[in-house]
Every structure is written in structure tokens, then in C-alpha cells.
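[1] my questions concern the predicted model and sequence given below.
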Amino acid sequence: EVQLVESGGGLVQPGGSLRLSCAGSGFTFSSYWMTWVRQAPGKGLEWVANIKQDGSEKTYVDSVKGRFTISRDNAKNSLYLQMDSLRAEDTAVYYCARRSSGSYVYWGQGTLVTVSS
Amino acid sequence: QSALTQPPSASGSLGQSVTISCTGTSSDVGGYNYVSWYQQHPGKAPKLIICEVSKRPSGVPDRFSGSKSGNTASLTVSGVQAEDEADYYCCSYAGNNNYVFGTGTTVTVL
């Protein structure tokens, strides 16, 4: 059974940093592009970033470029999102998702990040 | 990277059809056949219901269908059921390994 489990969310002050993790199991992690998607409270889904199977390609939504870094460790079947210079508008539930043929079949349960003083 | 445009709400009586539009540009919806649709119930993760414009993943009821014309994609729920009351989001490939979601539509079953 494919599982994605996020962790690392929490309360952080504006300007602070946080590192999210996503542990994958039940599939060959190194064979898939992986993605982070976020959802602010009461708002819609926003595609944040994705990373190629071997980590050689990474793309980001404009609003997080230069502040967030996506990475992966295929030996640990894990995806990461390093979030620096956090802003109030980054407050959201962050989901990791597995990309296949341009869509996302498998999602984690999400981890809440709250940026507030 | 502007969000795709969806109507904020849509509704239909039990058993009727409901159609949701998703309007983008030639750089996303109109340029690729990688439009997908997701259903999200409150407090839950999104669930894929349509991929590659019109393909239905295994286990998704056949009352869900997708199509595309130009820069606009559409999701139709034929014979809407009570359990279909949820938020729906489209998503499109936007080139250079970027993706964009729609603004979301809340479907109410009357």
C-alpha cells in the first residue's frame, strides 16, 4: 500500500525557518517526481514545488522562490521542504504528493505550518 | 503562474448533472493534455478523480467525466449524489515542470 506521511509542521515566528519531511513507503520512491502542495486555512490548493527522481531538476511557484528548497533522499525514501524567511501568508497545511503522468494519485495527510508571532 | 479560474460554487438537485469549468491559457490548459481534477471533503486530502483531461482512475464512479475545449476544461458529474458534495479543483501542467491549480469550486447537492 502506497503511503506518504508528512511531519515537521508547527508554529514558527515570521522570518523563521522550518523543515518539513515526507516519508514514502509501498512504492519505489526513486522512480517518481515528488511534489509539495499547500492549502491556506479556508483557501484553495496551491502547487508549491516539485523535484525530479534523481533530484537534478527542481521547480517552484514564484511566491516561494529563493525562500524554500525542495530536496529528497532516495536512500531514506524521503522528501523534504526547507522553508526559510517564513511569512504569515505561508501559513497552510502542506501536503506531499506523488506525481505520475501529470497528476497526483497519492497524497499524504498533510502537516500544518503556522507562521505567527 | 496565475491560478486557473473556476466558479466559486455550483449546485444541482440529487440525480441531476453538474458541470464545473476551469479556464486557463494557451500556456497551461490549452497547451497540454495534462489536466486533472480533484475532489476534497472537509479536513481530508484531495482525491484524484480525473487525469489527463478525461481519464478516470480505477475506482472512480463513471458519473464523473472530464473534457477540454481550447483553454477551458470541464468536469461533469452526471447524476450527482449526496456524497459528491465537496470542493473540486482542477490542475494543469504549465510547462517547464510547473503545475497550477484552479481556484476551486464548492459543489452543493440540493
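    Great, that's in hand.
[2] use CA for all of it now, contacts and neighbours both
    Fine.
[3] now do the longest strand seen in chain B: which elements does it pack against?
    Determined from DSSP state E, the single longest strand within chain B is strand B:86-93. Judged by 3 or more Cα pairs under 8 Å, 6 or more residues apart in numbering or on different chains; DSSP states H and E, strand B:86-93 is in contact with strand B:35-40, strand B:99-101, strand B:105-109.
[4] closest to residue A:64 out of these?
    Closest approach to residue A:64 among the helices and strands packed on strand B:86-93 (Cα to Cα): strand B:99-101, 14.1 Å.
[5] isn't residue A:2 right next to residue A:28, touching?
    No. Counting by Cα atoms under 8 Å, residue A:2 sits too far from residue A:28 to count as a contact (9.6 Å).
[6] before we move on, back to that, rebuild the helices and strands packed on strand B:86-93 as CSV, extending it with mean neighbour count.
    Formatted as CSV, these follow (neighbours: other Cα atoms under 10 Å in any protein chain shown):
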stretch, mean neighbour count
strand B:35-40, 26
strand B:99-101, 26
strand B:105-109, 21
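[7] now these as a markdown table including mean pLDDT and distance to residue A:44?
    Formatted as a markdown table, these follow (pLDDT from 0 to 100; distance: least, Cα to Cα, whole Å):
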| stretch | mean pLDDT | distance to residue A:44 |
| --- | --- | --- |
| strand B:35-40 | 98 | 10 |
| strand B:99-101 | 97 | 8 |
| strand B:105-109 | 97 | 9 |
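[8] residues in a beta bridge with residue A:24, which ones?
    residue A:4 (DSSP bridges).
[9] from memory it sits against residue A:75, does it?
    No. In this structure residue A:24 lies outside contact range of residue A:75 using Cα under 8 Å: 11.0 Å.
[10] these two - which one has more neighbours?
    Using other Cα atoms under 10 Å in any protein chain shown, the more surrounded residue of residue A:24 and residue A:75 is residue A:24, with 23 against 8.
[11] show me what contacts that one?
    Neighbouring residues of residue A:24 by Cα atoms under 8 Å, 6 or more residues apart in numbering or on different chains: A:2, A:3, A:4, A:5, A:77, A:78, A:79.
[12] which residues sit in contact with the residue in chain A sticking out farthest from the centre?
    Most distant from the centre of chain A: residue A:117, at 22.9 Å, with distances by Cα atoms, centre = their mean. Applying Cα under 8 Å, 6+ apart to residue A:117 gives the contacts A:12, A:13, A:14.
[13] try residue A:33
    A:50, A:51, A:52, A:53, A:98, A:99, A:100.
[14] same check on residue B:40?
    Counting by Cα under 8 Å, 6+ apart, residue B:40 makes contact with B:46, B:47, B:86, B:87, B:88.
[15] which one is residue A:102 nearest to, not counting chain neighbours?
    With sequence-adjacent residues excluded and distances taken as Cα to Cα, 6 or more residues apart in numbering or on different chains, residue A:102 is closest to residue B:34, at 5.4 Å.
[16] so what pLDDT did residue A:101 get?
    At residue A:101, the pLDDT value in this model is 89.
[17] roughly how far does it sit from residue A:33?
    Separation of residue A:101 from residue A:33 (Cα to Cα, to the nearest Å): 10 Å.
[18] pull out the buried members of the contacts of residue A:117.
    A:12, A:14 (16 or more other Cα atoms under 10 Å in any protein chain shown).
[19] closest one of the contacts of residue A:117 to chain B?
    Nearest to chain B among the contacts of residue A:117: residue A:12, at 22.2 Å, using Cα to the nearest Cα.
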